[in-house]
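build me a structure from this.
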Amino acid sequence: MILRGVIERFEQRAYRAFILTSISLLLSFIGCRDTQSPEASLLTRTLQFRPGDRFIYDGWVTDRYGIPLDSFKSQHIWDVLSTSSQRSGFNDVVVIRDSISSLSTGSTLIDTVFLRAGTNGEIFRYGFLAELLARREGLQVPKSWDRIAWFGTLGWTVGSLDSAGQLPLTAQCGQQEDYFEVKLNGISTVFPADRVEMSGETLDYFLWLSDAPACFPRWEEAPDPFDNIMNGSLLVLREATIAPRLGYFLRSNQSRTW
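As a prediction, this is how the structure comes out:
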């Protein structure tokens, strides 16, 4: 029985490796064919948050098929507290208070999200992978500034899925923008967002981000039945309050000042 389990585990990992390799080769082929045309992933974005920005998310645990489970629904309220805090050698850190409320138990947990933007289109989130792996697999990985987006390049490394740095999580920007409808300062608003696709041996993750308004409309963690990880997670932006900015523009070039 033990030998059979080992063989099945090996076959699952071999199949997953085959799928990931095939997808990577297909994307490389498509990328080579489209090198003569402008790509959305080569555009540079700048996410400019302001203290007072608030983002309200609906959150779910998802089943093995990625379907949200209403019995595990939650609400996340992100409040931007500062955009010039110091952390881990940087003094331009965006500090966000994350108030997580369970709709089934009524309990509330307070957490903190740390973001920073690089000078060449990079977006970092501190401890993103470490916190995800601790909850997802019970692994202890040192916290670091994980590169969750990098505009202006076709692919990059987000970070490592193990403490030895042997399992990289790679990412790329999607080739097309997706549109989201969010109540923005009380008005139902539709705007485009860029999709980031992350892929590794034991994790597939997707997120969307927009620079006008500056936000992350969706965070999506895929389950992994091949590694006995039967649940994922989903955060969807429902409502946002944007602090006043002078000459604020949506990407559609419609001028709005709040």
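
any idea where the helices of this structure begin and end?
Assigned by DSSP state H, the chain shows helices spanning 2-33, 128-137.

any idea which of the ones you listed has the lowest pLDDT on average?
If you rank the helices of the chain by mean pLDDT, helix 2-33 sits at the bottom with a mean of 42.

can you list the low-confidence ranges for the protein?
Counting by pLDDT under 70, the chain contains low-confidence residues at 1-44, 246-258.

gap between the residue nearest in space to the middle of it and residue 215?
In the chain, the residue lying closest to the centroid (CA atoms, centre = their mean) is residue 207, at 3.5 Å. To residue 215, residue 207 is 11 Å away according to CB to CB, to the nearest Å. C-beta: built from backbone N, CA, C; applies to glycine.

now residue 59
15 Å.

so who does the residue nearest to the centre of the chain touch?
Residue 207 sits next to 148, 149, 195, 196, 198, 216, 218, 219, 220 when contact means CB atoms under 8 Å, 6 or more residues apart in numbering.

make it 10 Å
Under the criterion of CB atoms under 10 Å, 6 or more residues apart in numbering, the contact partners of residue 207 comprise 123, 125, 128, 148-149, 171, 193-198, 216-221, 235.

hang on, residue 66 packs against residue 232?
Yes: at 6.0 Å, residue 66 and residue 232 qualify as touching, with contact defined as CB atoms under 10 Å.

what touches both of residue 207 and residue 215?
Here residue 207 and residue 215 share the contacting residues residue 193, scored by CB under 10 Å, 6+ apart.

just the strands in the stretch 151-258 of the chain please.
Remark: strands assigned in the stretch 151-258 of the chain by DSSP state E, counting those that start in this stretch are 156-160, 168-184, 187-199, 204-211, 214-221, 232-241.

got the ones you listed as JSON lines, with distance to residue 70 columns?
JSON lines is the format used below for the strands of the stretch 151-258 of the chain (distance: least, CB to CB, whole Å):
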{"stretch": "strand 156-160", "distance to residue 70": "30"}
{"stretch": "strand 168-184", "distance to residue 70": "21"}
{"stretch": "strand 187-199", "distance to residue 70": "23"}
{"stretch": "strand 204-211", "distance to residue 70": "21"}
{"stretch": "strand 214-221", "distance to residue 70": "17"}
{"stretch": "strand 232-241", "distance to residue 70": "12"}
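
wait, which of those is closest to residue 83?
Comparison of the strands of the stretch 151-258 of the chain against residue 83 by CB to CB identifies strand 214-221 as nearest, at 10.4 Å.

the closest one vs strand 204-211, what angle?
Note on geometry: by axes from the mean of the first three to the mean of the last three CA atoms, to 10 degrees, strand 214-221 and strand 204-211 are set 170 degrees apart in direction.

so that it lines up with my notes, have the first residue be 5 from now on.
OK, 5 is where the count begins now, so the last one is strand 218-225.

what strands flank strand 218-225, and is each parallel or antiparallel?
Based on DSSP bridges, the strands next to strand 218-225 in the sheet, each with its direction, are strand 208-215 (antiparallel), strand 236-245 (antiparallel).

partner residues bridging residue 194?
Each beta-bridge partner of residue 194 is listed here, defined by DSSP bridges: residue 185.

tally up the residues packed near residue 146, please.
Close neighbours of residue 146, defined as other CB atoms under 10 Å, add up to 11.
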